[in-house]
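Trainee: Coordinates for the following, if possible.
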Amino acid sequence: MVSFCDAKFGITFKHYAKIDVNGADIKWNFTKFLIDREGNVVERFEPTADMDVVEEKIREIL
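Mentor: Predicted coordinates:
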């Protein structure tokens, strides 16, 4: 996946590894995860999450 994105899109930012996700809780590919500097999941947001709320949570962990 990383080599594909690098070759096709010239991506230069840090990539995260692809992982297996099981269960019915994930809503397609628009679920958002807030991850801290150590790579820990801090919060999960549904695809319909208000971006003002997401921004507030980001500011809280900075």
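Trainee: Give me the most central residue, the chain.
Mentor: Taking Cα atoms, centre = their mean, the centroid of the chain lies closest to residue 33, which sits 4.3 Å from it.
Trainee: and the gap between that one and residue 8?
Mentor: Residue 33 is 24 Å from residue 8, where distance means Cβ to Cβ, to the nearest Å. C-betas here are computed from N, CA, C, even on glycine.
Trainee: do residue 53 as well
Mentor: Using Cβ to Cβ, residue 53 is found at 33 Å from residue 8.
Trainee: more crowded one of those two?
Mentor: When residue 53 and residue 8 are compared for neighbours, residue 53 comes out ahead with 11 against 8, by other Cβ atoms under 10 Å.
Trainee: can you confirm the more buried one is in a helix?
Mentor: Yes: under DSSP: H, G, I helix; E, B strand; the rest coil, residue 53 falls within a helix.
Trainee: ok, the residue nearest to the centre of the chain touching residue 47?
Mentor: No: using Cβ atoms under 8 Å, residue 33 is not in contact with residue 47; the gap is 12.0 Å.
Trainee: measure residue 58 to residue 44 for me?
Mentor: Distance, residue 58 to residue 44, using Cβ to Cβ: 13 Å.
Trainee: and if you look at residue 37?
Mentor: According to Cβ to Cβ, residue 37 stands 18 Å off from residue 44.
Trainee: Looking at these two, which is more packed in?
Mentor: Neighbour totals were compared for residue 37 and residue 44, and residue 44 leads with 12 against 7 (other Cβ under 10 Å).
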